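Trainee: please find the sequence and the predicted model below.
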Amino acid sequence: MSNNVTNSSVEEFSTQLSAQIWGHRFKDGQKGPEYVLEFLNVLKGTEYNLGASEYFRIRSTGLRQFIFEGNKEGAQAGVVALTDEQKKKLYSLVRDKDEISVIREFFKNLEIPLSDGQGKAANRSWYAKTLYPLHESLLFFELRTHVKNETKTYSYERNFFARGGELYFLMLSYGTKNDLTLRNEIEQRLKFLLQKNKSIEHIVNKISSTLEDEQNKKEDLYPLKKVSEKTKEYPYLPVEDDPIYHEFAVEFNQLISLNIDIYEMFELLISLITFQLSRYMLKRSLIDDDNNQVTYFFDCLDAQVGPIQKLSAKSFSDNELLVKNKFESYFKQVFNEKMGNYAFVTSHLSGWKANPEELISYLGLSKLSKERKNKVKKVISKCNTYRDITDKLYIIVKDIVSDQLKKHQLSIIRGLARDGGFGGFRRGSKYRYFMTDSFVQAIVYANIKPKEQMEFNLFLENLYKKYGFIIGELQAKSNGIYEKSKLNVRYFQKNEFAIREKLRYNGLLVEYSDATAMIRNPYEKAEQVIR
């Protein structure tokens, strides 16, 4: 077991296993924009240093209270409100009180809309809301409230913030460790983009200083790796030398190097980063088969053609099955490590039957609900031999842990696809892979350099080889899905034509003749990018 996730520090067995496979810590409920914002927060907190081992977190409490005054605060039906003294200080900054309302409205319009899996607006308190990062001064961490003796204080909310963003930072850090030129380009370009809008910084600084925002404290410094035996929690990836990290860094750098403003680039970053995280998770889900490739069959016909929609839905469910099988395979390995010693089990069996909580604690299941614990205890009471433990107990614990997986790990996979614009579902249908305009743009920009172009069929073939994208006839035949599906080849040809039209609609495809079409990246490289 990793030193980072031990029985004493993480009792939920499913969380423990997930961390061993994919890293500490991906969690469900996180939205696509939050992955990007968390990464930018971490990078800013390291002063744009991808080689850093720790970073500062920013509170910006007063600034946010000003922007979101009147919004709800927590689940107690309260609202955030500035004091009369704070308002008086703010009014001293301007000649007309109405100017304060205009400034507040400007910042409120920068709020990033977040939605749940049903497309409904996420119900967030003011301290959990986020803003488009037009400048680094608009980056801050989620907070939580504490009330003691009628005094309200705020602390960082790690349960809902700084998860996937930290892990993505580590991926780029590891991916540029042996390519310092690439690392420097990423650092300097993001520093330029996030420090460019000086006028916003000026306003933010005035508001923050007037409202006496808290200054950084020692406890605001957070580790990106284990720095001592006392380190309680830190992000980590099970594998540090995966070549895919360098691939991610190259794609990321190519996207941010385009001459695009950070506001326009934000949606593209969401699509690219969430897709990269999905690729990482699915790659980590492969079980000891280096020749196996994760594939994605994309429905480019907008669910209008049943057979294509079904193939895409099957592709999505097959990839979810990869995650489930990997989880169960690793669970079996860990269970055998804990219970595979015949002498150990037989010597402890009578004690476990007398006190089932001892075995439950040993397996790291102490935080199970009472109902689930009772199921485990019932099985333990009927275990009289080593075989009973390795068969009966294994099955019941596996089912409990797998149930947690369905609730959490699979929802992460679905959330990444949905927020990244490369998958989702319609009411009454299954999840499937498709391509939104933002996702198509991100993939083109990440794979074709500025002002360069590539022949359409070659582009599709490259996407198949690199990502496992199956869209048209040639990819379907190469993969074998054409033969297995027993569909007429025209279905795949229509699917290919549909993506061709989407590329044209987005200004990414130029046709020179019926036989020649070129995919192009129309943007120039930004002048500030290091050459």
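Mentor: In hand now; what should we look at?
Trainee: tell me the helices in the stretch 101-250 of the chain, going along the chain?
Mentor: In the stretch 101-250 of the chain, the segments counted as helices under DSSP state H, counting those that start in this stretch are 164-175, 180-195, 198-210, 244-256.
Trainee: hey, where'd the strands end up in this structure?
Mentor: Under the criterion DSSP state E, the chain contains strands at 54-56, 72-73, 78-79, 143-148, 151-156, 221-223, 296-297, 423-424, 432-433, 453-455, 469-470, 509-511, 517-520.
Trainee: so which of the ones you listed gets nearest I273?
Mentor: Closest of the strands of the chain to I273 is strand 423-424, at 15.0 Å (criterion: CB to CB). The way it works is simple: take the backbone N, C-alpha and C, and place the C-beta from them, glycine included.
Trainee: partners of the closest one in the sheet?
Mentor: Strand pairing for strand 423-424, determined by DSSP bridges: strand 432-433 (antiparallel).
Trainee: name the residues that touch the partner strand?
Mentor: 296-299, 303, 309, 312-313, 315-316, 417, 422-425 (CB atoms under 8 Å, 6 or more residues apart in numbering).
Trainee: which among those residues gets closest to S18?
Mentor: A417 (18.0 Å).
Trainee: excluding chain neighbours, what is closest to the closest one?
Mentor: G423 (2.9 Å; CB to CB, 6 or more residues apart in numbering).
Trainee: what sits against the one you found?
Mentor: Contacts of G423 (CB under 8 Å, 6+ apart): F316, R414, A417, Y431, R432, Y433, F434.
Trainee: could I get these as a markdown table with pLDDT, neighbour count and distance to K382?
Mentor: A markdown table is the format used below for the contacts of G423 (pLDDT from 0 to 100; neighbours: other CB atoms under 10 Å; distance: CB to CB, whole Å):
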| residue | pLDDT | neighbour count | distance to K382 |
| --- | --- | --- | --- |
| F316 | 97 | 24 | 39 |
| R414 | 92 | 19 | 37 |
| A417 | 96 | 25 | 42 |
| Y431 | 94 | 20 | 39 |
| R432 | 96 | 25 | 43 |
| Y433 | 97 | 23 | 45 |
| F434 | 97 | 20 | 49 |
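Trainee: among those residues, which are in helices?
Mentor: Using DSSP state H, F316, R414, A417 are the members of these that sit in helices.
Trainee: so for the residue lying closest to A498 once chain neighbours are set aside, what's the pLDDT?
Mentor: Nearest residue to A498 in three dimensions, chain neighbours excluded: C300, at 3.9 Å (CB to CB, 6+ apart). What the model reports as pLDDT for C300 is 97.
Trainee: wait, C300 touches N495, no?
Mentor: Yes - using CB atoms under 8 Å, C300 is in contact with N495, at 5.0 Å.
Trainee: which residues do the two both contact?
Mentor: Counting by CB under 8 Å, 6+ apart, the residues touching both C300 and N495 are I308, I471.
Trainee: looking at these two, which has the bigger crowd around it?
Mentor: Using other CB atoms under 10 Å as the criterion, C300 and N495 rank with N495 on top: 26 against 22.
Trainee: so what's the more buried one scoring on pLDDT?
Mentor: 97.
Trainee: residue contacts, it?
Mentor: Neighbouring residues of N495 by CB under 8 Å, 6+ apart: F298, D299, C300, L301, V305, I308, I471, G472.
Trainee: from L193, how far off is the residue nearest to the first one when sequence neighbours are not counted?
Mentor: The spatial neighbour of F298 that comes closest, neighbours along the chain excluded (CB to CB, 6+ apart), is Y433 at 4.8 Å. For Y433, the distance to L193 (CB to CB, to the nearest Å) stands at 30 Å.
Trainee: rewinding a little: deepest-packed of the strands of the chain, please.
Mentor: Mean neighbours per residue, mean count of other CB atoms under 10 Å, is largest over the strands of the chain for strand 296-297, with a mean of 26.
Trainee: that strand: how far from the chain's middle?
Mentor: In terms of CA atoms, centre = their mean, to the nearest Å, the centre of strand 296-297 is found 20 Å from the chain centre.
Trainee: likewise for stretch 502-516?
Mentor: Put simply, stretch 502-516 sits 32 Å off its chain's centre (CA atoms, centre = their mean).
Trainee: any buried residues in that stretch, and which?
Mentor: Buried residues in stretch 502-516, counted by 16 or more other CB atoms under 10 Å: K502, L503, L508, L509.
Trainee: so the third one sits against V444, correct?
Mentor: Yes - taking CB under 8 Å as the contact criterion, L508 and V444 are neighbours in contact, 5.1 Å apart.
Trainee: joint contacts of the two?
Mentor: With CB under 8 Å, 6+ apart, L508 and V444 have common neighbours I519, N521.
Trainee: quick one, what contacts V489?
Mentor: With CB under 8 Å, 6+ apart, V489 has these contacts: E473, Y482.
Trainee: do a quick rundown of the helices in the stretch 251-400 of the chain.
Mentor: Going by DSSP H, counting those that start in this stretch, the stretch 251-400 of the chain shows helices at 262-284, 306-339, 342-354, 356-362, 370-381, 386-388, 394-407.
Trainee: er, the stretch 401-531 of the chain actually
Mentor: Using DSSP H, counting those that start in this stretch, helices in the stretch 401-531 of the chain cover 409-420, 437-447, 456-467, 473-479, 481-485, 489-505.
Trainee: nearest approach to P522 belongs to which of the ones you listed?
Mentor: Evaluated with CB to CB, those place helix 437-447 nearest to P522, the distance being 9.4 Å.
Trainee: buried set for the closest one?
Mentor: In helix 437-447, counting by 16+ other CB under 10 Å, buried: S438, F439, V440, Q441, A442, I443, V444, Y445, A446, N447.
Trainee: rank the helices of the stretch 251-400 of the chain by pLDDT, which is bottom?
Mentor: The minimum mean pLDDT among the helices of the stretch 251-400 of the chain belongs to helix 394-407 (a mean of 79).
Trainee: got the contact list for the closest residue to E452 other than its chain neighbours?
Mentor: Distances taken as CB to CB, 6+ apart place N521 nearest to E452, at 6.0 Å, with adjacent residues excluded. Listed by CB under 8 Å, 6+ apart, the contact partners of N521 are L258, V444, Y445, I448, K449, P450, K451, E452, Q453, L508.
Trainee: for A476, state which of those residues is nearest.
Mentor: Nearest member of these to A476, counting by CB to CB, is V444, at 21.4 Å.
Trainee: measure that closest one to L258 for me?
Mentor: Computed as CB to CB, the V444 to L258 distance reads 11 Å.
Trainee: gap between the closest residue to L286 other than its chain neighbours and L311?
Mentor: In space, and not counting its chain neighbours, L286 is closest to N292: 5.2 Å by CB to CB, 6+ apart. According to CB to CB, N292 stands 19 Å off from L311.
Trainee: which of those two has more neighbours?
Mentor: For N292 versus L311, neighbours defined as other CB under 10 Å are more numerous around L311 (26 against 11).
Trainee: surely that one touches N479?
Mentor: No - with contact defined as CB under 8 Å, L311 does not reach N479; the gap is 10.8 Å.
Trainee: okay if I get the contacts of G423 as CSV plus distance to I244?
Mentor: CSV is the format used below for the contacts of G423 (distance: CB to CB, whole Å):
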residue, distance to I244
F316, 21
R414, 21
A417, 18
Y431, 23
R432, 24
Y433, 19
F434, 24
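Trainee: widest-spaced pair of those residues?
Mentor: Largest separation among the contacts of G423 by CB to CB: R414 and F434, giving 13.4 Å.
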